[in-house]
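> Only the shape, not the letters, is given here:
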């Protein structure tokens, strides 16, 4: 098994925070789960979420149109929370300055294609400057991101007994990765652990990334543009998370300041989290 892996047939990038060190303690296994989207989960996977992990809440960080296109499965006895970190309109507002509604409609139609067929859509996003290493920083300080991550922490604090929470976006790396980063810091994990967890996506998606590099070679992209394509499809880069960390410090003085002032997770809440999830 890959490090931190949980087995959920039909679900990519499925892993947990359990087992990481947080100070002199360890995060409990089987309760804090992070994945890619659940739309292709098998019946066996659904049974595991119910019977092995006893999932109480599934948090979906995807955009509204992503959720409508491929909705989460219904899991009996489980609450589904829809928490948009960012919406497509937030990316498109600058794009529309000198373009028609027909162009916007055409762009959104491209987005509905399966991920492997979104080359043209991703190319437009990259050339328009929407995808860059400030992306997570914008998640941290944007209104949507603050509201979504604040509600995420309330869902974590509301877990009962040994029930679990699962959070995801599309690829389980960006919006999901930022939520994992914040929760790890709140639990007292080190910065090294935060980056280790974030960068695991490249290990989980190693085969896919290798195939994608080969597929993109004939395009003769610059190294920067190639990296942005790899990031959009299924990879991660440390710089993105470093900028998220810097944005929290720049705007709130520290990670603890961000947790407390932006998300309402002060020392009392962090103490509760540590009592519940550390062993």
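Looks like it came in fine. Values in this document were obtained by computation on a predicted structure and should not be read as measured data. Numbering: from 1, shown residues only.
> Pull out the buried positions in stretch 1-19.
4, 6, 8, 11-18 (16 or more other Cβ atoms under 10 Å). C-beta: built from backbone N, CA, C; applies to glycine.
> who's in contact with residue 15?
Under the criterion of Cβ atoms under 8 Å, 6 or more residues apart in numbering, the neighbours of residue 15 are 2-6, 33-35, 200, 204.
> about what we covered before: which one of the buried residues of stretch 1-19 is nearest to residue 182?
Ranked by distance to residue 182 (Cβ to Cβ), those are led by residue 17 at 11.3 Å.
> how much space between the closest one and residue 76?
25 Å (Cβ to Cβ, to the nearest Å).
> Give me the below-cutoff pLDDT ranges for the stretch 1-150 of the chain.
Residues of the stretch 1-150 of the chain meeting the criterion pLDDT under 70: 92-104.
> quick one on the thing from earlier: looking at the contacts of residue 15, which are in helices?
In helices, defined here by DSSP state H, the members of the contacts of residue 15 are 200, 204.
> Just name the closest of the contacts of residue 15 to residue 150, please.
Closest to residue 150, out of all of those and judged by Cβ to Cβ, is residue 34, at 18.0 Å.
> ok, the closest one touching residue 182?
No: here residue 34 does not reach residue 182: they are 11.8 Å apart, not a contact under Cβ atoms under 8 Å.
> neighbour count winner among those two?
Applying other Cβ atoms under 10 Å to residue 34 and residue 182 shows that residue 34 carries more neighbours, namely 27 against 23.
> Quick check: bridge partners of that one?
residue 15, residue 167 (DSSP bridges).
> Residue 76 contacts residue 51, correct?
No: using Cβ under 8 Å, residue 76 makes no contact with residue 51, being 11.2 Å away.
> Tell me where the stretch 101-250 of the chain has helices.
Secondary structure of the stretch 101-250 of the chain (DSSP state H, counting those that start in this stretch): helices located at 101-111, 119-127, 135-141, 143-157, 175-187, 191-204, 206-216, 223-233, 238-252.
> Can you name the residues that contact the spatially most central residue of the chain?
Nearest to the mean C-alpha position of the chain, counting by Cα atoms, centre = their mean, stands residue 176 at 1.6 Å. When contacts are counted by Cβ under 8 Å, 6+ apart, residue 176 touches 34-36, 61, 167-169.
> which non-adjacent residue is nearest it?
Leaving aside its chain neighbours, residue 176 sits nearest to residue 169 (4.7 Å; criterion: Cβ to Cβ, 6 or more residues apart in numbering).
> Equivalent analysis for residue 48, please.
residue 8 (6.1 Å).
> so which strand or helix has that neighbour?
Counting by DSSP states H and E, no helix or strand carries residue 8.
> From residue 20, how far off is it?
With Cβ to Cβ as the criterion, residue 8 and residue 20 are 19 Å apart.
> for the buried residues of stretch 1-19, which one is nearest residue 151?
Using Cβ to Cβ, the buried residues of stretch 1-19 come closest to residue 151 at residue 17, 18.5 Å.
> Would you confirm that that closest one contacts residue 29?
No: in this structure, residue 17 is not within contact of residue 29 by Cβ under 8 Å, at 9.2 Å.
> wait, what's in contact with the residue nearest to residue 264 when sequence neighbours are not counted?
Of all residues not flanking residue 264 in the chain, residue 150 sits nearest, at 5.9 Å (Cβ to Cβ, 6+ apart). Contacts here follow Cβ under 8 Å, 6+ apart; on that basis residue 150 touches 262-264.
> at 10 Å what do you get?
By Cβ atoms under 10 Å, 6 or more residues apart in numbering, the contact list for residue 150 reads 83, 259, 262-265.
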